[in-house]
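Visitor: got a predicted structure here, sequence first:
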Amino acid sequence: MSTAPIYGLLLSGGASQRMQRDKAQLSYAGEPQLLRAWRVLSAVTERAFVSVRETQRDDPLRAQLPQLVDTYDAVGPAAGILSAQDAYPEAAWLVIACDLPRLDEVTLRALIAARDPAKDATVFTSRFDGLPEPLCALWEPSSHARLKARYEAGSYCPRKALIQSDIVLLPAPGEALDNINTPEEFAQMQRQLESQP
């Protein structure tokens with residue numbers, strides 16, 4: 001069995017309710033977060049796409065990048081992952097959220113280097129709760145059946161799908177997967193990143 005190619009999926013369809021504005025548009029050092037994340041993801045994958053809801057297709061920021069439109073009801077990240085797996089079932093998907101401003105190429109390359117294609121996924125441990133982190137994870141084609149079955153049963157949590165799967169679980173990569181959810185966290189992260197050389 002040949003190893004599946006790795007495609008990238010940048011999740012950008014979230015409602016950003018706590019942030020009260022589109023996280024993809026948040027800017028660090030003059031660059032929107034969506035484009036920062038895209039640069040990192042596309043550097044380590046054969047092809048990459050931005051995951052969007054139908055209503056986001058024509059957003060000027062997202063429209064400049066290759067898109068995969070959710071074909072599932074708005075059920076959070078699972079909709080984007082399942083839509084990508086349906087579109088390219090032969091690919092493994094390196095899935096990242098767009099609200100990880102510290103995520104870098106080194107972290108993603110470490111994830112890929114630890115890949116075991118015979119497993120359902122290769123993931124980092126969350127440094128906050130020790131559970132698998134689904135939004136910076138390499139989902140193999142074999143993960144689709146469980147994720148789809150859970151969706152059809154009304155369970156939309158990709159983390160729970162990982163917990164029930166055969167996965168490679170890696171130590172948390174420091175602060176690389178810290179996300180931001182509120183205007184206060186954004187302001188703090190902006191100060192930190194813009195003070196770095």
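Guide: It's in. Numbers count the residues shown, from 1 in each chain.
Visitor: need the contact list for the residue nearest the centre of the chain.
Guide: Nearest to the geometric centre of the chain sits residue 96, at 1.8 Å (CA atoms, centre = their mean). Residues near residue 96 by CB atoms under 8 Å, 6 or more residues apart in numbering: 8-11, 37, 40-41, 103, 108, 135-136. C-betas here are computed from N, CA, C, even on glycine.
Visitor: which one (most neighbours) among those residues?
Guide: The most neighbours of any of the contacts of residue 96, using other CB atoms under 10 Å, belong to residue 10, which has 30 neighbours.
Visitor: SS state for that one?
Guide: Three-state call for residue 10 (DSSP: H, G, I helix; E, B strand; the rest coil): strand.
Visitor: contact partners for it?
Guide: With CB under 8 Å, 6+ apart, residue 10 has these contacts: 34, 37-38, 41, 48-51, 65, 96, 98.
Visitor: next: residue 143.
Guide: Residue 143 neighbours (CB under 8 Å, 6+ apart): 85, 120-121, 161, 165.
Visitor: again, 6 Å this time
Guide: 120-121 (CB atoms under 6 Å, 6 or more residues apart in numbering).
Visitor: hang on, it in a helix?
Guide: Yes. Counting by three-state DSSP, residue 143 is located in a helix.
Visitor: what pairs with the residue nearest to residue 65 when sequence neighbours are not counted across the strands?
Guide: Among residues not flanking residue 65 along the chain, residue 50 sits closest, at 4.7 Å (CB to CB, 6 or more residues apart in numbering). Beta-bridge partners recorded for residue 50 (DSSP bridges): residue 10, residue 67.
Visitor: correct me, but residue 50 touches residue 63?
Guide: No. In this structure residue 50 lies outside contact range of residue 63 using CB atoms under 6 Å: 9.3 Å.
Visitor: more crowded one of the two?
Guide: Neighbours per residue, other CB under 10 Å: of residue 50 and residue 63, the larger number sits with residue 50, 28 against 12.
Visitor: against residue 108, how distant is that one?
Guide: 16 Å (CB to CB, to the nearest Å).
Visitor: again, but for residue 33
Guide: 16 Å.
Visitor: for residue 82, same thing?
Guide: For residue 82, the distance to residue 108 - CB to CB - is 22 Å.
Visitor: ditto for residue 5
Guide: 15 Å.
Visitor: how close does residue 26 get to residue 147?
Guide: According to CB to CB, residue 26 stands 28 Å off from residue 147.
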